[in-house]
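Peer 1: got a predicted structure plus its sequence, pasted below:
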Amino acid sequence: MNCNQVIDALKSLAEPDYLAGMTHFAIKTDHALGVSAPRMRKLAKEIGTDHKLALELWESNIHEARIVAVLIDDPRQVTKSQMNNWVRQFDNWAVCDVCCGVLFDKTPFAWDKAIEWSGRKEEFVRRAGFALMAALAVHDKRAPDKKFLQFFDIIKHHADDERNFVKKAVNWALRQIGKRNTRLNKKAVAVAKEIRKMDSPAARWIAADAIRELTNKKILARLRA
């Protein structure tokens, strides 16, 4: 398939009711068609890995085309320049999260970008930094604890960011790191308790939610096992 054929295929899969419902999930529909995630995943599987096509689909600026671009791209061919270009264009959590959790986290630049982007001011760039931390905590099974310990100070520093999509990503990163093993769990809970003392509604929410999950008996039992 070429770029135009993929876009035509997406248009044929579009559902007006689904498009209308996207606004309830805080996804802008100005450049969206209204295609469900399962349909996009099925189409991406049919296309297969294609880095060149992924770049072309991204440039279409169509929400679903960008999701498919992420799903078919080859992380081995993704460059720092591409990552910086794409992250600057994030305008919703869906594209941000799938990009970080399916593609960017598999590149050799993921750890550096998690730190760099979390320090940026733009809402979805900062979210991308913490989304990458969360994705690495889940997917990078071989990473040593010390690589995650460096994230805790960054998490504390930005826990008072009141923007909804940032605070949820900070919380997400803290919880995922705390679910890797017992050592990181204890440290994450300790960090959450420090965050809870901050004079910030966002920080208190992040802390309460993280402590509730990270001290859950089932999760602790799984970590001990």
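Peer 2: Sure, I can see it.
Peer 1: CA only for contacts and neighbour counts going forward, please
Peer 2: Will do.
Peer 1: put the alpha carbons of the worst-scoring helix or strand of the chain on mean pLDDT into CSV.
Peer 2: Least confident helix or strand of the chain, by mean pLDDT, DSSP states H and E, is helix 16-22 with a mean of 89. Extracted C-alpha coordinates of helix 16-22, given in CSV (Å, rounded to 0.1, in the frame of the first residue of the first chain):
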residue,chain,number,x,y,z
PRO,A,16,-19.5,9.0,12.3
ASP,A,17,-20.6,7.9,15.8
TYR,A,18,-17.1,6.9,16.8
LEU,A,19,-15.8,10.3,15.6
ALA,A,20,-18.4,12.1,17.7
GLY,A,21,-17.4,10.1,20.7
MET,A,22,-13.7,10.9,20.5
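Peer 1: could you point out which element follows it?
Peer 2: helix 37-47 (DSSP states H and E).
Peer 1: that following helix packs against which elements?
Peer 2: helix 63-72 (3 or more CA pairs under 8 Å, 6 or more residues apart in numbering; DSSP states H and E).
Peer 1: contacts for the following helix or strand past the helix it packs on, please.
Peer 2: For helix 63-72, the following helix or strand on the C-terminal side (DSSP H and E) is helix 80-88. Here helix 80-88 makes contact (CA atoms under 8 Å, 6 or more residues apart in numbering) with 96, 104, 109, 124-125, 128.
Peer 1: just the buried ones from those residues?
Peer 2: Among the contacts of helix 80-88, those classed as buried by 16 or more other CA atoms under 10 Å are 96, 104, 124-125, 128.
Peer 1: look up how far Phe165 lies from the residue most central in space within the chain.
Peer 2: With distances taken as CA atoms, centre = their mean, the chain has Asp97 as the residue nearest its mean C-alpha position (2.7 Å). Noted for Asp97: a distance of 11 Å to Phe165, by CA to CA, to the nearest Å.
Peer 1: same check, this time on Leu55
Peer 2: 26 Å.
Peer 1: higher neighbour count, the two?
Peer 2: Leu55 (19 against 16; other CA atoms under 10 Å).
Peer 1: which SSE is that one in?
Peer 2: helix 51-59.
Peer 1: that helix - what's its average pLDDT?
Peer 2: Average pLDDT, helix 51-59: 98.
Peer 1: go on, stretch 26-33?
Peer 2: pLDDT averaged over stretch 26-33 gives 90.
Peer 1: ok, stretch 200-211 next?
Peer 2: Here the average pLDDT along stretch 200-211 is 98.
Peer 1: please apply the same query to stretch 71-90.
Peer 2: Stretch 71-90 shows a mean pLDDT of 98.
Peer 1: that one: end-to-end distance?
Peer 2: End residues of stretch 71-90 are separated by 16 Å (CA to CA).
Peer 1: from the chain's centre, how far out does it sit?
Peer 2: Stretch 71-90 sits 13 Å away from the centroid of its parent chain (CA atoms, centre = their mean, to the nearest Å).
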